[in-house]
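**Student:** quick one, what's the 3D model for this:
(one chain, ligands or ions: 3)
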Amino acid sequence: MTERTLATQEPDDRGAGQEPPQRKNGLYHEVSEELAANMSQGWADTERPDLRPIPQAGHTARRRTELSARFPGERLVVPAGTLKTRANDMVYRFRPSSDYVYLTGDQSENGVLVLEPREEGGHEATVFLLPRSDRADGEFWLSDRGELWDGRRNSLGENRRLLGLACGDVRALAGTLEEGTGPVRLLRGHDAGVEEALRDKVTAERDEEFRVFLSEMRRVKDDFEIADLRFACEATARGFEDVVRSLGRARATSERYIEGTFFLRARVEGNDVGYNTIAAAGPHATTIHWMRNDGAVRDGDLLLLDAGVETRNLYTADITRTLPVSGRFSPLQRRIYDAVLEAQEAGIAAVGPGAAYRDFHDAAQRALAVRLVEWGLLGDLTVEKVLELGLQRRWTMHGTGHMLGLDVHDCAAARTEAYVDGPLEPGMCLTVEPGLYFQPDDLTVPEEYRGIGVRIEDDILVTEDGNENLSAALPRRADEIEAWMARLRA
Ligand code: GLY
Ligand code: MN
Ligand code: MN
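**Tutor:** Ligands and ions are numbered 1, 2, ... in the order given. I've put the predicted structure just below:
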């Protein structure tokens with residue numbers, strides 16, 4: 001019996017131009033020729049010739065046309081990204097780069113979209129992907145990430161039908177990129193193999209211009225994206241209902257239980273959570289990025305839950321509700337809650353086509369400053385003086401919102417003049433999320449305020465004549481919250 005030993009490579013270095021690394025699991029280092037021959041045959045042809053295009057294929061084509069028009073005569077390269085090692089041969093769940101998803105609708109690791117300029121103008125689009133594992137040479141079962149271990153991939157033909165795009169073998173891409181001449185722009189930060197292949201052909205300045213343009217393209221959502229964001233909000237609302245129903249049990253355990261309850265909904269209805277869930281009970285609600293979620297949940301406390309389902313198309317909701325764990329707000333909790341709600345209403349009212357992006361933030365901050373002054377927390381200062389000096393920010397802390405889409409903080413590379421200094425347009429989707437946070441150790445506020453944090457966050461679509469609250473299914477008024485909780489827990 002002949003033994004053959006397989007060479008080993010790092011498990012995660014597979015991308016454009018890389019040979020598939022070999023599985024490091026010692027069990028399979030030595031394989032007899034007989035077994036290799038046995039495994040190479042006897043497999044059915046499972047090609048699916050009748051696949052229909054994904055629903056967003058027309059939209060991704062239009063987006064590529066817009067990108068093509070902006071960068072004529074240049075090769076444009078947008079990688080999905082590669083698997084990230086957790087330890088040894090274990091990897092994190094893959095999440096492709098948002099711009100790649102936006103332009104292709106594909107979610108495969110190692111994918112690379114290339115727009116090749118045509119002489120007659122425009123570009124030829126090709127997605128480079130890992131093809132199906134080769135059975136004849138054993139790659140499908142002997143290599144790390146072989147299909148026998150990780151699951152069947154689509155063939156290049158199947159992907160062509162699904163995506164409405166030409167598809168090529170990504171393992172040959174690096175060589176092609178290295179040989180190419182002419183100007184190139186690359187979306188950096190996702191695929192080290194592609195970056196190495198293009199090292200001498202790109203400049204940081206031009207690539208940044210490319211990244212910024214992509215980010216700005218994504219500001220106005222099309223019908224497909226709006227439908228998906230709507231679904232993300234609906235699924236997130238169901239996740240919040242799950243949490244309220246489980247609060248009896250969560251109280252006995254922890255914020256972790258709440259995080260897990262929401263996560264179940266996110267995984268069942270969507271792809272994942274769109275960001276780390278903030279399940280912050282009691283004083284933890286005053287920590288804006290509370291993600292440890294390891295605290296107790298007690299009657300009498302408020303629970304600030306900031307969570308979003310990411311859909312299977314990778315659009316995310318971003319919703320916050322602040323709920324009384326007992327089901328009833330105390331008078332002080334309600335007073336603070338009502339002030340935040342009032343600010344949110346003022347913010348939402350300022351969202352509409354043609355309004356300045358900054359208007360909703362300013363409106364919400366003003367409303368909060370009015371209450372802070374009224375409560376005597378700012379001495380004799382007028383609201384105008386407080387706003388001029390920004391003193392309310394000790395307790396309002398963060399900006400009142402951000403754009404939302406494939407990323408929770410969407411379009412973050414857009415230029416200031418195209419985002420925070422720009423106007424709102426129909427199709428933009430943003431959060432409006434004012435809050436008040438009184439730190440447990442803040443000696444400038446009465447003792448009873450300390451440790452209370454309230455945020456209310458909704459996802460607002462700018463429409464032709466105003467706005468639509470995509471997360472309106474979740475109650476916001478304090479009495480509605482109490483009635484809703486009572487109903488769900490009955
Ligand atoms: N949860 C992140 C945010 O609200 O921006
Ligand atoms: Mn949020
Ligand atoms: Mn947010």
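**Student:** contacts, neighbours, all on C-alpha from now
**Tutor:** Will do.
**Student:** quick check, Arg245 in a strand?
**Tutor:** No: using DSSP: H, G, I helix; E, B strand; the rest coil, the secondary structure at Arg245 is helix, not a strand.
**Student:** quick one: contacts for it?
**Tutor:** The contact partners of Arg245, taken as CA atoms under 8 Å, 6 or more residues apart in numbering, are Met485, Leu488, Arg489.
**Student:** and the gap between it and ligand 2?
**Tutor:** 21 Å (CA to the ion, to the nearest Å).
**Student:** dihedrals phi and psi, the closest residue to ligand 2 within the stretch 1-150 of the chain?
**Tutor:** Nearest to ligand 2 in the stretch 1-150 of the chain, going by CA to the ion, is Ser98, at a distance of 18.7 Å. Main-chain dihedrals, Ser98, degrees, to the nearest 10: phi -60, psi -40.
**Student:** was I right about it contacting Asp407?
**Tutor:** Yes: here Ser98 reaches Asp407: they are 7.0 Å apart, a contact under CA atoms under 8 Å.
**Student:** these two: who's more crowded?
**Tutor:** Ser98 (23 against 20; other CA atoms under 10 Å).
**Student:** so what's the residue of the stretch 1-150 of the chain closest to ligand 2 closest to, chain neighbours aside?
**Tutor:** Nearest non-adjacent residue to Ser98, counting by CA to CA, 6 or more residues apart in numbering: Leu406, 6.0 Å away.
**Student:** what's the distance between the residue nearest to the spatial centre of the chain and Val91?
**Tutor:** The residue lying closest to the centre of the chain (CA atoms, centre = their mean) is Asp407, at 3.5 Å. Remark: distance between Asp407 and Val91 (CA to CA, to the nearest Å) = 22 Å.
**Student:** just Val101 next, same as before
**Tutor:** Val101 is 21 Å from Val91, where distance means CA to CA.
**Student:** the more surrounded of these two?
**Tutor:** Set Val101 next to Val91 and count neighbours by other CA under 10 Å: Val101 wins out with 21 against 13.
**Student:** shouldn't the more buried one be within a strand?
**Tutor:** No: looking at Val101 with three-state DSSP, it is helix, so not inside a strand.
**Student:** which residue packs closest to it, ignoring adjacent ones?
**Tutor:** Take Val101 and drop its neighbours on the chain: the residue closest to it by CA to CA, 6+ apart is Gln107, 6.3 Å away.
**Student:** these two touch, right, the one you found and Arg93?
**Tutor:** No: when contacts are counted by CA under 8 Å, Gln107 is not listed as touching Arg93 (11.7 Å).
**Student:** more neighbours, the two?
**Tutor:** Between Gln107 and Arg93, counting by other CA under 10 Å, Gln107 is the more crowded of the two (20 against 10).
**Student:** ok, the more buried one - contacts?
**Tutor:** Gln107 makes contact with Ala80, Arg95, Pro96, Val101, according to CA under 8 Å, 6+ apart.
**Student:** most widely separated two among these?
**Tutor:** Maximum pairwise distance in those, criterion CA to CA, is 9.7 Å, between Arg95 and Val101.
**Student:** counting neighbours, what do you get for the residue nearest to Ser98?
**Tutor:** If you count neighbours by other CA under 10 Å, Leu406 ends up with 25.
**Student:** got the confidence number for it?
**Tutor:** We have a pLDDT of 98 for Leu406.
**Student:** using the three-state scheme, assign it.
**Tutor:** At Leu406 the chain is in coil, as set by three-state DSSP.
**Student:** list the residues that contact the spatially closest residue to Tyr449 that is not a sequence neighbour.
**Tutor:** Spatially, and ignoring its direct neighbours in sequence, Tyr449 is nearest to Phe438 (6.2 Å; CA to CA, 6+ apart). The contact partners of Phe438, by CA under 8 Å, 6+ apart, come to Thr286, Trp395, Val445, Tyr449, Arg450, Gly451, Ile452, Gly453.
**Student:** repeat for Arg132
**Tutor:** Contacts of Arg132 were listed using CA under 8 Å, 6+ apart, and they are Glu147, Arg152, Arg153, Asn154, Ser155, Leu156.
**Student:** part of a strand, is Val127?
**Tutor:** Yes: assessed with three-state DSSP, Val127 lies in a strand.
**Student:** wait, it sits on Leu163?
**Tutor:** No: using CA under 8 Å, Val127 makes no contact with Leu163, being 9.0 Å away.
**Student:** need the residues touching each of these two.
**Tutor:** With CA under 8 Å, 6+ apart as the test, Val127 and Leu163 both reach Thr104.
**Student:** tally of neighbours for the residue of the stretch 151-300 of the chain found nearest ligand 2?
**Tutor:** As assessed by CA to the ion, ligand 2 sits closest to Ile278 within the stretch 151-300 of the chain, at 8.0 Å. Counted with other CA under 10 Å, the neighbours of Ile278 add up to 26.
**Student:** quick one, what contacts it?
**Tutor:** Glu259, His289, Trp290, Met291, Asn293, Leu304, Leu305, Asp306, Ala307.
**Student:** who's in contact with the third one?
**Tutor:** The neighbourhood of Trp290, defined by CA under 8 Å, 6+ apart, consists of Ile278, Ala279, Ala280, His284.
**Student:** in ChimeraX, select just the buried ones from the residues you listed.
**Tutor:** Once 16 or more other CA atoms under 10 Å is used to decide burial, the buried members of those can be selected in ChimeraX as follows:
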select :278,279,280,284
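**Student:** quick one, helices of the stretch 1-150 of the chain?
**Tutor:** Along the stretch 1-150 of the chain, counting by DSSP state H, counting those that start in this stretch, helices occupy 33-39, 57-70, 98-104, 139-142, 147-150.
**Student:** out of the ones you listed, nearest to Ala369?
**Tutor:** Ala369 sits nearest to helix 98-104 of all the helices of the stretch 1-150 of the chain, at 37.0 Å, using CA to CA.
**Student:** tell me the mean pLDDT for that closest one?
**Tutor:** Helix 98-104 shows a mean pLDDT of 98.
**Student:** elements contacting it?
**Tutor:** helix 57-70, strand 75-79, strand 112-117 (3 or more CA pairs under 8 Å, 6 or more residues apart in numbering; DSSP states H and E).
**Student:** now the ones you listed in a markdown table, with distance to ligand 2 and mean neighbour count?
**Tutor:** Listed next are the helices and strands packed on helix 98-104 as a markdown table, based on distance: least, CA to the ion, whole Å; neighbours: other CA atoms under 10 Å:
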| stretch | distance to ligand 2 | mean neighbour count |
| --- | --- | --- |
| helix 57-70 | 28 | 17 |
| strand 75-79 | 28 | 25 |
| strand 112-117 | 31 | 24 |
